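Participant: turn this into a structure:
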Amino acid sequence: MLPTSMPQTLRTAVHSDLVIKKSRFIGCVQPMSDRASAQAVVEQLRRAHPGAAHVCWALLAGGQSAAVDDGEPSGTAGRPMLDVLRHQDLEGVLATVVRYFGGVKLGAGGLVRAYTDAVAQALTQAEKVAIQRMCTLRCAAPYALEGMVRRQIEASGAELVSVEHGSLVVMQIQLPEPQTAAFVDTLNENGQGRIGWLD
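Facilitator: Now for the predicted structure:
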């Protein structure tokens, strides 16, 4: 069981297709890094579904969120879709729902339910993956300590990104954020204060 505080994203795009009172709601949830990419996907959907009445969408990515009703009554589409993403603690995810109007009005409550269901149903089939936040460190060490630093990098499952040999050995290291403090403490201790940390 993953801790609830760790945000998750989706491995791949997953679709849903609902028909409610003759209106068709085609939902999709997919991994998305930023707003510009999301808007490009929405534009593609508009071109792919020229007969659709609405292309509503919601985005949670990199601290940016968006909730777009696209002509539906305010707060009946984008916001409920965004709420579903937030409720599931997702990050870096775009939800879209293409609606073909079937001639029967659903009312505000009916619309909220329809858009919520279209996203929720797609999410039930989606594979979620934890987002591992990475941290990059740079340190300068005397040549005598290079082997010890390399062993520590390997032991902690970190990645040695680059090494420059000058008057000191400068190493760039990448590792999961939660492990950073312990890693730095261990190197400081083992290096007896002779390892310098660079910005």
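Participant: what about the helices in this structure?
Facilitator: 35-48, 78-87, 107-125, 146-155, 180-190 (DSSP state H).
Participant: span of stretch 74-82 from start to end?
Facilitator: This stretch, stretch 74-82, spans 14 Å end to end (C-alpha to C-alpha, to the nearest Å).
Participant: which one of the helices of the chain lies closest to Met171?
Facilitator: helix 146-155 (6.2 Å; C-beta to C-beta). (C-beta placed from N, C-alpha, C; glycine too.)
Participant: which parts of the closest one are buried?
Facilitator: Val149, Arg150, Gln152, Ile153 (16 or more other C-beta atoms under 10 Å).
Participant: go on, stretch 166-184?
Facilitator: By 16+ other C-beta under 10 Å, the buried positions in stretch 166-184 come out as Leu168, Val169, Val170, Met171, Ile173, Leu175, Thr180, Phe183, Val184.
Participant: looking at it, the fourth one is touching Val163, isn't it?
Facilitator: Looking back up the chat, that one is Met171. Yes. The pair Met171 / Val163 is scored as a contact, 5.2 Å apart, by C-beta atoms under 8 Å.
Participant: looking at the protein, which helix or strand does the model trust least?
Facilitator: strand 128-130 (a mean of 86; mean pLDDT, DSSP states H and E).
Participant: what's it packed up against?
Facilitator: strand 8-10 (3 or more C-beta pairs under 8 Å, 6 or more residues apart in numbering; DSSP states H and E).
Participant: from the chain's centre, how far out does the strand it packs on sit?
Facilitator: For strand 8-10, the separation from the chain centroid amounts to 6 Å (computed by C-alpha atoms, centre = their mean, to the nearest Å).
Participant: residues contacting that strand, please?
Facilitator: 2, 29-31, 88-93, 126-131 (C-beta atoms under 8 Å, 6 or more residues apart in numbering).
Participant: can you give me the domain assignment for this structure?
Facilitator: Domains of the chain are assigned by automatic domain parsing as 8-130, 134-198.
Participant: quick one: low-confidence parts of this protein?
Facilitator: Across the chain, the stretches falling below the confidence threshold (pLDDT under 70) are 1-6.
Participant: go with 50
Facilitator: 1-4 (pLDDT under 50).
Participant: from the centre of it, point out the most distant residue.
Facilitator: The outermost residue of the chain relative to its centre, with distances by C-alpha atoms, centre = their mean, is Ala144 at 41.2 Å.
Participant: one step back: now list the buried members of the contacts of strand 8-10.
Facilitator: Val29, Gln30, Pro31, Gln88, Leu90, Glu91, Gly92, Val93, Ala126, Lys128.
Participant: so the last one is in contact with Leu90, correct?
Facilitator: Yes. Counting by C-beta under 8 Å, Lys128 does reach Leu90; the two are 7.4 Å apart.
Participant: if we can go back for a sec, which of the buried ones among the contacts of strand 8-10 fall in strands?
Facilitator: Mapping the buried ones among the contacts of strand 8-10 onto strands (DSSP state E) picks out Val29, Gln30, Pro31, Val93, Lys128.
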